[in-house]
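Student: mind looking at a prediction? Sequence and model below.
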Amino acid sequence: MVQNIIVDEKDNIRIDRYLSDHCEGFSRSYLQKLLKSGEVFINGKAVKSNYKVSAGDEIHVEIPEAAVPPILPEKMDLDILYEDADLLMVNKPKGMVVHPAAGHLSGTLVNGLMEHCKDLSGINGILRPGIVHRIDRDTTGVLVVCKNDLTHNDIARQLKAHSITRVYYAIVHGNIKEDEGMVDAPIGRHPTDRKKMSINEKNGKPAITHYHVLNRSGRFTYLECRLETGRTHQIRVHMASIGHPLLGDSVYGSSKAPYSGLEGQTLHAGILGIRHPRTGEYLEIQAPLPEYFVDLLEKLFEDLPK
């Protein structure tokens with residue numbers, strides 16, 4: 001596999017750090033091995049890890065093809081909210097990984113999709129058939145799956161244009177006083193913890209989250225969040241950045257679970273709206289709140305909005 005990247009950063013940073021920010025799925029140590037073995041070229045010349053990139057540098061990375069274990073179909077009780085010949089909308093449960101990766105070759109949504117329908121788009125490779133966007137393992141809710149490349153390319157264009165309707169529901173720590181607001185802060189890889197994202201003014205990508213308060217309990221606030229952009233961990237990072245991390249989010253909030261049995265952030269992708277790639281008609285699908293989320297609302301809030 002070959003990746004070609006043109007550097008657009010203004011300030012010089014080491015090539016190994018730069019690549020770890022821009023080559024998703026590859027660790028910094030693995031990229032350093034590629035640099036050491038002479039498989040990374042800048043402006044046509046092989047470079048080492050200590051090379052500092054400059055704006056306009058043309059990076060050419062040759063990544064050896066790895067042996068990929070077979071991804072097998074698995075019979076699952078998928079919650080299909082909508083389906084036609086081109087796409088389907090599925091309600092992903094909490095704790096399910098979207099697609100296979102190291103350590104998760106079975107039990108993923110993709111394994112179930114491969115059993116459910118034989119034709120899925122192949123643009124994202126054999127590990128991610130049909131997958132054009134993702135939600136986190138512990139985030140629940142609606143996800144669009146593409147059955148062919150025409151659909152995949154069109155949905156990808158809509159995602160890039162930020163024209164897709166994406167509404168999430170979240171419970172956050174603390175009392176947000178204003179009834180609605182917006183977080184406009186770029187998100188990029190965390191400077192020291194490469195598994196996390198963070199507000200990154202220098203190298204982050206634009207990210208905007210609109211939020212509206214649905215209810216307050218004093219200790220917690222129940223929110224509706226609308227994404228204008230769709231960066232990795234966007235709502236989790238944005239809400240933590242304003243002092244209101246998501247309930248249950250041990251990565252961006254407290255490592256101590258506030259309620260017994262609660263695993264991961266309380267975040268639900270409730271509404272997804274797209275232009276159908278074949279008909280051009282607007283299609284909006286809603287996923288009901290999961291049972292654990294409803295139970296939490298009943299414990300924490302009174303007079304819930306109807």
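Tutor: Arrived safely. Numbering: from 1, shown residues only.

Student: for this structure, what spans make up the helices?
Tutor: Under the criterion DSSP state H, the chain contains helices at 15-22, 28-36, 109-116, 149-160, 234-241, 291-300.

Student: what's around G56, how many residues?
Tutor: 9 (other C-beta atoms under 10 Å). Quick note: C-beta positions are derived from backbone N, CA and C, even for glycine.

Student: surely it meets V7?
Tutor: Yes - the pair formed by G56 and V7 meets the contact definition of C-beta atoms under 8 Å, at 6.4 Å.

Student: quick one on the thing from earlier: and among the helices of the chain, the most buried is which?
Tutor: Mean neighbour count (mean count of other C-beta atoms under 10 Å) peaks for helix 234-241 among those, with a mean of 24.

Student: what does that one contact?
Tutor: Outside of helix 234-241, the residues that reach it under the criterion C-beta atoms under 8 Å, 6 or more residues apart in numbering are 136, 168, 170, 172, 183, 185, 187, 197-199, 207, 209, 211, 223, 225, 227, 231, 245-246, 249, 251-253, 265, 267.

Student: coming back round to it: make TSV out of the helices of the chain and add distance to P64 and mean pLDDT.
Tutor: As requested, those are exported to TSV (distance: least, C-beta to C-beta, whole Å; pLDDT from 0 to 100):
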stretch	distance to P64	mean pLDDT
helix 15-22	15	84
helix 28-36	8	87
helix 109-116	24	96
helix 149-160	26	96
helix 234-241	32	98
helix 291-300	43	93
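
Student: between the ones you listed, which one is nearest to V142?
Tutor: Each of the helices of the chain has some distance to V142 by C-beta to C-beta; the shortest is helix 109-116, at 12.1 Å.

Student: any idea how far the residue of the chain most remote from its centre lies from G38?
Tutor: Relative to the centre of the chain, and counting by C-alpha atoms, centre = their mean, the farthest-placed residue is K45 at 34.2 Å. Using C-beta to C-beta, to the nearest Å, we find K45 at a distance of 10 Å from G38.

Student: picking that back up, could the helices of the chain go into a markdown table alongside distance to A85?
Tutor: Converted to a markdown table, those look like this (distance: least, C-beta to C-beta, whole Å):
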| stretch | distance to A85 |
| --- | --- |
| helix 15-22 | 36 |
| helix 28-36 | 40 |
| helix 109-116 | 14 |
| helix 149-160 | 9 |
| helix 234-241 | 31 |
| helix 291-300 | 32 |
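
Student: for the nearest residue to I271 once chain neighbours are set aside, what are its contacts?
Tutor: If you skip the residues right next to it in sequence, I271 has V167 as its closest partner in space, 3.8 Å away by C-beta to C-beta, 6 or more residues apart in numbering. Taking C-beta under 8 Å, 6+ apart as the criterion, V167 is in contact with E224, C225, R226, L227, A269, G270, I271, L272.

Student: okay, now the closest residue to the fifth one other than its chain neighbours: neighbour count?
Tutor: Think A269. If the residues on either side of it in the chain are set aside, A269 comes closest to G141, at 2.8 Å by C-beta to C-beta, 6+ apart. The local packing count at G141 equals 27, with neighbours defined by other C-beta under 10 Å.

Student: what do you get for E24?
Tutor: Each residue near E24 was counted by other C-beta under 10 Å, and the total is 8.
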